[in-house]
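S.K.: any chance you can model this:
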Amino acid sequence: MSRLVVVSNRVAMPDNAGSASVGGLTMALAAALQQYRGVWFGWSGDTTPTFTGEAHVRETGGVTIATIDLEAQDVQEYYNGYANTVLWPLFHYRIDLTEYERAFGEGYARVNSRFAETLQSLVRPDDMIWVHDYHLIPLAQELRQRGLKNRIGFFLHIPWPACQLLTTLPQHQELVEALFAFDLLGFQTQDWLNAFNGYVTDELDGKIHGDGYVSAFGRTVRVGAFPIGIDADNFAQIVQSPAAAKSYDQAAATNVYRDLIMGVDRIDYSKGLEERFAAYDQFLQTHPEFRERVTYLQIAQTSRSEVETYQDIRTRLDGVAGRINAAYGTLDWTPLRYVNRAYGRDFLAGVYRAAKIGLVTPLRDGMNLVAKEYVAAQNPRNPGVLVLSRFAGAARQMKAALIVNPYSREDVADAIKRGLTMPQPERRQRWEALMTGIETDDVSTWRDSFVAALKACRPQAHPVSAPTIATAGANETVIRSPAGRRGVEAQARRCDAGHHRNFVGVANIPAGADRADDRPIFAADKDAAGRRRHVAAAHREQGGVEEGLGGRPLGELAAAEPHAEGALGLGGGDVGSE
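M.R.: As a prediction, the model looks like this:
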């Protein structure tokens, strides 16, 4: 059986289920790898003065773990920079928080190249490679350039942004072009898949096929929605563990005669914590009869503390929590208990079970596994109520939750009241519907459906490679590209930028031309200032040079106004360089 090689930004194989971090990705990948006895490759989290490309390999739980160390500059530009101050806010619809810096894009491209450099020596010819998340979008392109022909799939754990938002990203087409080096692209929900398809058709003039494939840049890839789940059986065992029982008793004892409202999130602007605090404030203000009868526990793990935006969020949350407690608190009641630390899943399972309301109200979220874990932890005879944002990917599956608009504090406040007063029969009915979905669409279903789709992918007709540049003569530059006319044009612009040349347009080699030469070319001359100007020519099955250029001969285009130098950033096919 082929191995499954999983690649993610970080590698965090848990020693056991109970001691794992709050993040659902870790547990989902651990379950997948243990099933396939595969390899997990990624960054160790450590830095080194000089990148060596050496992988640190160990075995744990039947899984091979391989990690690399990165330079401090890599971490700053690739992780703190492009991944978390460009792609993360953009993909969560917060373009006001994006920081486009060319150095970030250079670091992002460099680290993906370094990942590929080390990974290629670990991969066997029959391995399937499963790449995870926005940190590693260019990885398949880098692997293809190194000759790997393995089936490679990509799964995006976060939302895909609307077309008009994505186009605010410098070099957005190059980023999307890198995705077409994969064989399979997976998204959390049909909404995010539709957004991707919309970009392909509206921005790239690509084609959506009825069989789950899309075409652009001269390539066709399979796409699909694969909603991630939790390991329902394993979590059921965790709920019954001694550690979960202890945390349940602690939460119940602390909140005697009071109902517990609970939220568990990383500190992140996408989670809507400020809006959630405001909704709780609204609830206490509108429904004074519930004061001293409820306690809201918000566990908020600090993340990306090096990024200034996240430092600001924590400062604001501290202030809002303090104001709520000052306004409503009494000698023996703290309305909002706000805790900045991480807990193991076993501890959380017990507290989930004790909470009458689970508040999961992100402003935008790929899926959100906390919602599923909260439901799975409930007592079937007396379950709590899930209040869930309509903008979480999980809302498409968990329709029996109380679905709210997280931007409306009145909407969330009303849902809290409804959940606290909901009769037990209705709570049980809703819980049963939610639990059926969790058990049906669990992590095994997610894993098996994605891997099966990757196995079934049609082999690509052409390998993906970086544009190869060679000098063909005094007035020619050669570009070889499998990407067709649009791809040659995009590559030509990047080559111009990287080599300080001026791109003019794209011409077509006439039908019936000698294909053995296979040389799409730049015809060029010099303008009055002595600058070389180029016209890329690409092979086509039909149509000649003059037809492809709207009747304008090659020489006429070569005499046209030059394209602005460096307009699209780095040369050589680098992705995300601004």
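
S.K.: where does the stretch 1-150 of the chain have low pLDDT?
M.R.: Confidence mapping of the stretch 1-150 of the chain against pLDDT under 70 gives the ranges 13-28, 31.

S.K.: next: the stretch 201-350 of the chain.
M.R.: Filtered on pLDDT under 70, the stretch 201-350 of the chain yields the residue ranges 305-307.

S.K.: ranges for the helices of it?
M.R.: 232-239, 242-254, 273-286, 308-328, 345-354 (DSSP state H, counting those that start in this stretch).

S.K.: of those helices, which stretch is the most buried?
M.R.: Of all these, helix 345-354 has the most neighbours on average by mean count of other Cβ atoms under 10 Å, namely a mean of 25. For the C-beta atoms, the positions are set from N, CA and C on the backbone; glycine is no exception.

S.K.: could you look up the SS state of residue 57?
M.R.: Here residue 57 is strand, with the state taken from DSSP: H, G, I helix; E, B strand; the rest coil.

S.K.: residue 88 touches residue 134, doesn't it?
M.R.: Yes - counting by Cβ atoms under 8 Å, residue 88 sits close enough to residue 134 to count as a contact (7.0 Å).

S.K.: so what sits against both of these two?
M.R.: The contact sets of residue 88 and residue 134 overlap at residue 158 (Cβ atoms under 8 Å, 6 or more residues apart in numbering).

S.K.: between the helices of the stretch 201-350 of the chain, which one is nearest to residue 163?
M.R.: helix 308-328 (24.7 Å; Cβ to Cβ).

S.K.: so what does the closest one touch, helix or strand wise?
M.R.: helix 273-286, strand 336-339 (3 or more Cβ pairs under 8 Å, 6 or more residues apart in numbering; DSSP states H and E).

S.K.: that helix vs helix 273-286, what angle?
M.R.: 10 degrees (axes from the mean of the first three to the mean of the last three Cα atoms, to 10 degrees).

S.K.: including distance to residue 407, could the helices and strands packed on helix 308-328 go into JSON lines?
M.R.: Compiled in JSON lines, the helices and strands packed on helix 308-328 are given as follows (distance: least, Cβ to Cβ, whole Å):
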{"stretch": "helix 273-286", "distance to residue 407": "6"}
{"stretch": "strand 336-339", "distance to residue 407": "20"}
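
S.K.: which one of the ones you listed lies closest to residue 173?
M.R.: helix 273-286 (33.8 Å).

S.K.: how far off centre is that closest one?
M.R.: Relative to the chain's own centre, helix 273-286 is displaced by 29 Å; criterion: Cα atoms, centre = their mean, to the nearest Å.

S.K.: residues in contact with that helix?
M.R.: By Cβ under 8 Å, 6+ apart, helix 273-286 touches 261, 263, 265, 267, 290-291, 296, 298, 300, 313, 316-317, 320-321, 324, 327-328, 335-336, 359, 361, 363, 406-407, 409-413, 416-417.

S.K.: mind redoing it with 7 Å?
M.R.: Contacts to helix 273-286, defined as Cβ atoms under 7 Å, 6 or more residues apart in numbering, come from residues 263, 265, 267, 290-291, 296, 300, 316-317, 320-321, 324, 328, 335-336, 359, 361, 363, 406-407, 409-410, 412-413, 416-417.

S.K.: give me the buried subset of those residues.
M.R.: Listed as buried from the contacts of helix 273-286 are 263, 265, 267, 290, 296, 300, 317, 320-321, 324, 328, 335-336, 359, 361, 363, 406, 409, 412-413, 416-417; burial here means 16 or more other Cβ atoms under 10 Å.

S.K.: how much space separates residue 300 from residue 282?
M.R.: For residue 300, the distance to residue 282 equals 20 Å [Cβ to Cβ, to the nearest Å].

S.K.: make that residue 266, sorry
M.R.: Relative to residue 282, and taking Cβ to Cβ, residue 266 is found at 24 Å.

S.K.: swap in residue 119?
M.R.: From residue 119 to residue 282 the distance is 50 Å (Cβ to Cβ).

S.K.: coming back round to it: export the helices of the stretch 201-350 of the chain to a markdown table and tack on distance to residue 445?
M.R.: Converted to a markdown table, these look like this (distance: least, Cβ to Cβ, whole Å):
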| stretch | distance to residue 445 |
| --- | --- |
| helix 232-239 | 10 |
| helix 242-254 | 25 |
| helix 273-286 | 30 |
| helix 308-328 | 33 |
| helix 345-354 | 20 |
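
S.K.: of all the ones you listed, which one is nearest residue 387?
M.R.: helix 273-286 (9.4 Å).

S.K.: just the CA atoms of the closest one, as CSV, please.
M.R.: Taking C-alpha atoms only, helix 273-286 is exported to CSV below (Å, rounded to 0.1, in the frame of the first residue of the first chain):
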residue,chain,number,x,y,z
LEU,A,273,-14.1,37.5,20.5
GLU,A,274,-14.7,41.2,20.9
GLU,A,275,-18.1,40.9,19.2
ARG,A,276,-18.9,37.9,21.4
PHE,A,277,-18.0,39.8,24.6
ALA,A,278,-20.2,42.7,23.4
ALA,A,279,-23.0,40.2,22.8
TYR,A,280,-22.7,38.9,26.4
ASP,A,281,-22.7,42.4,27.7
GLN,A,282,-25.9,43.0,25.7
PHE,A,283,-27.4,39.8,27.1
LEU,A,284,-26.7,40.9,30.7
GLN,A,285,-28.0,44.4,30.0
THR,A,286,-31.2,43.2,28.2
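
S.K.: for residue 192, which non-adjacent residue is closest in space?
M.R.: Leaving aside its sequence neighbours, residue 192 sits nearest to residue 160 (Cβ to Cβ, 6 or more residues apart in numbering; 4.2 Å).

S.K.: return the backbone torsion pair for that neighbour.
M.R.: phi -100, psi 130 (degrees, to the nearest 10).
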